[in-house]
Every structure is written in structure tokens, then in C-alpha cells.
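Participant: Prediction below, plus the sequence it came from.
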Amino acid sequence: MIYRWLIFIIHFLVSFAFADEGAVLFQNVCAQCHGLKGEGKEGVRAPSIANLPNSYVITQVTNFHDGKRGSDMKVDPQGALMALIAKALKPEQVQAVALVVEKLPLVIPAKRMIEGTDVAAGKLLFYEHCMECHRYNASGEMAFGSPPLVGRQDWYLLAQLMKFKNLHRGTAKGDEKGAKMVRMATLFIEDEAAMKNVVSYILTLNPTPEEETLFKAKGK
Ligand code: HEC
Ligand code: HEC
């Protein structure tokens, strides 16, 4: 079943000839897994991508395309699924769709806390070892290639930290940005408990629904 659907998507990509039709591409392809608002679908482990900076989307889709991310189906089946899509895209399609993704409003994850975690310990870890690149509010710093961590779901953040720590992401030749995160995860995230603590703290940095309304009212 899933394969029939994948073949449909890939067929669509191959027959896709326009360069500036990012919105159509998003709706027909990306939304199948990432949702129409880019909110993500936990069932296929596809994260929220709404509002990710254009340059980060291009870097990641290119990494998937070039085999720098998701190249091993056995250790990273989710990345491998995304890589299948990325390989069917032309660079101009990636650029067009990245502009669409960036304009989608941030989707705040429903879950704001992981049960049984020590948020204070997570905060300390974040202040000591993460804030420098991801900024105090986890909104990211594209000058360093560090993406925003707000807007992403807990299960996705945990899965990525686990991949960096287990050397399943960020170890391909030439992936310098990924290598930075491998260093951080191996040196400073001691175990799964510490990983959950820091992710729990990151979740608290998402704007509250009230703040979100204000944000939109200001036209940002
Ligand atoms: C068949 C399902 C599927 C489709 C279709 C799909 N994706 Fe994905 N995508 C995923 C999964 C699963 C992941 C998570 C990979 C991982 O865990 O490393 C992902 C990850 C990503 C990421 C990385 C996010 C991050 O924070 O690093 C980006 C960017 C992305 N997808 C963009 C797109 C775009 C743009 C499209 C449409 C052209 C698309 N995806 C279509 C399944 C899909
Ligand atoms: C030296 C700068 C730096 C520091 C410090 C740092 N990061 Fe990162 N982080 C990055 C970069 C760069 C990326 C993008 C990697 C890529 O391009 O694949 C990233 C990616 C991530 C991702 C994947 C996001 C996604 O959307 O897929 C997570 C999760 C993350 N960092 C969490 C953390 C945590 C938690 C800490 C602290 C323990 C931390 N980072 C410290 C630079 C940094």
C-alpha cells in the first residue's frame, strides 16, 4: 500500500516540469507526510516543518538528496523515506518549495512537557551547551546553520539527538554542520534521561497560544 502511494508521489515529481510552482509541489507531495499546514504527522514520523528558514530547508533536502542524511535504511528508516523524495526533486524545485515552507506559520507542538523529566536540569544543559548556537529562545541562528528548535515535536527532537549521538546523522563526509551536532550530542548529552530533560525544556520555549495570537496580530 505505502509503496503504491510512493510510486504515485515519485511519478508526480518526475512529471513536474515547472520551477515556480512551489505551492503545488508542497500540497501534492510534501503535505502527504508533513500535513497541509506543515504540522507534521507522527504516524510517518514526519516532523512539523512549518516556518523553517528557507536556507535550512534547502540544506537538509540537499543533504538527503546527496546521501549525507538518511542514506542507511537500516539505522535511519525515516531519513531514508525523506531521501527517496529528495532524490526525485530538481534543485529549482527544492528552492521553490523551501520558500513556501518558510512562509507557513509556526505550528506549536501540542505536547509541552515530557512526563517524568527534570526541566530545570534540561534548562541548565541548554544554557551551558545549546544556547550558544540555537539562541536562548531556541529560535535558531542561521548564520551558524543552527535551526530553530521551537515548532518541532518532542519525538522528532529526541529522534534527531539520538541519531547524532549514535552517529546516524552528521557523520557523512562534508557534512560540517551535522558534525558540530555530533560533537555536542556525544560530548554533552550524557544519556537518554539528559536528552529528555533538554527536549522537555525546549518544548517550554514554544510561544503560548496567547503569545501566538499577539504574534500574528503584529503581522509577523
Ligand atoms: C513519504 C513521506 C515524506 C514526504 C512525501 C516528504 N517528507 Fe520530508 N520528511 C519525512 C520524514 C519521515 C522526515 C524525518 C526524517 C528524519 O527523522 O531524519 C522528513 C524530514 C524533512 C526535513 C528535515 C526537517 C528538519 O528539521 O531537519 C525537511 C526540511 C523536509 N522533510 C522537507 C520536505 C519537503 C520540502 C517535502 C516535499 C517536497 C517533503 N519533505 C516530503 C517524510 C516525508
Ligand atoms: C556549535 C553550534 C551548536 C551547538 C552548541 C548545538 N547545536 Fe544543535 N545544531 C547545530 C547545527 C549547525 C545543526 C544543523 C545540523 C545539520 O545541518 O544537519 C543543529 C541541529 C540540531 C537538531 C536537529 C534539528 C532538526 O530540525 O533536525 C537538534 C535537535 C539540536 N541541534 C539540538 C541541540 C541541543 C539539544 C544542543 C545542546 C546540547 C545543541 N543542539 C547544541 C549547531 C549546534
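Facilitator: Yes, it's here. Ligands and ions are numbered 1, 2, ... in the order given.

Participant: Around ligand 2, pick out the residues from this protein.
Facilitator: Contact residues (C-beta under 6 Å from any ligand atom) of the chain with ligand 2: 59, 125, 129-130, 132-134, 144-147, 149, 152, 157, 160-161, 170, 177-178, 180-181, 184, 188-189, 198. Yep, even glycine has a C-beta here, placed from its N, CA and C like the rest.

Participant: Just the buried subset of the residues you listed, please.
Facilitator: Buried members of these, counted by 16 or more other C-beta atoms under 10 Å: 59, 125, 129-130, 133-134, 145-147, 149, 152, 157, 160-161, 170, 177-178, 180-181, 184, 189, 198.

Participant: which residues touch residue 109?
Facilitator: Going by C-beta atoms under 8 Å, 6 or more residues apart in numbering, residue 109 touches 48, 151-154, 203, 206.

Participant: Just give me the closest of the residues you listed to ligand 1.
Facilitator: Proximity of the contacts of residue 109 to ligand 1 (C-beta to the nearest ligand atom) peaks at residue 152, which lies at 6.1 Å.

Participant: For residue 21, list the residues it contacts.
Facilitator: Neighbours of residue 21 in contact, by C-beta under 8 Å, 6+ apart: residue 96.

Participant: The buried ones among the residues of the chain next to ligand 2 in helices, which ones?
Facilitator: Judged by DSSP state H, helices contain the following of these: 59, 125, 129, 133-134, 157, 160-161, 177-178, 180-181, 184, 198.

Participant: Please identify which of the residues you listed is nearest to ligand 1.
Facilitator: The closest of these to ligand 1 turns out to be residue 160 (C-beta to the nearest ligand atom; 6.4 Å).

Participant: Check the separation of the first and last residues in stretch 195-211.
Facilitator: Using C-alpha to C-alpha, to the nearest Å, one end of stretch 195-211 lies 27 Å from the other.

Participant: related to what we said a few turns ago, quick check: the farthest pair among the ones in helices among the buried ones among the residues of the chain next to ligand 2?
Facilitator: Spatially, the most separated pair among these is 59 and 125, at 25.4 Å (C-beta to C-beta).

Participant: Any idea how many residues pack against residue 162?
Facilitator: Around residue 162 there are 15 other residues, counting by other C-beta atoms under 10 Å.

Participant: what secondary structure does the residue nearest to it when sequence neighbours are not counted sit in?
Facilitator: Once flanking residues are discounted, residue 162 sits nearest to residue 195: 7.1 Å by C-beta to C-beta, 6 or more residues apart in numbering. On the three-state scheme (DSSP: H, G, I helix; E, B strand; the rest coil), residue 195 is labelled helix.

Participant: And the helices in this structure?
Facilitator: In the chain, the segments counted as helices under DSSP H are 2-14, 22-25, 31-34, 54-65, 77-87, 91-103, 119-129, 131-134, 154-165, 176-188, 192-204, 209-217.

Participant: Generate TSV for these, with mean pLDDT and distance to ligand 1 as supplementary columns.
Facilitator: Putting the helices of the chain into TSV (pLDDT from 0 to 100; distance: least, C-beta to the nearest ligand atom, whole Å) gives the following:
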stretch	mean pLDDT	distance to ligand 1
helix 2-14	65	6
helix 22-25	95	6
helix 31-34	98	3
helix 54-65	98	4
helix 77-87	97	3
helix 91-103	96	5
helix 119-129	98	18
helix 131-134	97	12
helix 154-165	98	5
helix 176-188	97	10
helix 192-204	98	13
helix 209-217	66	20
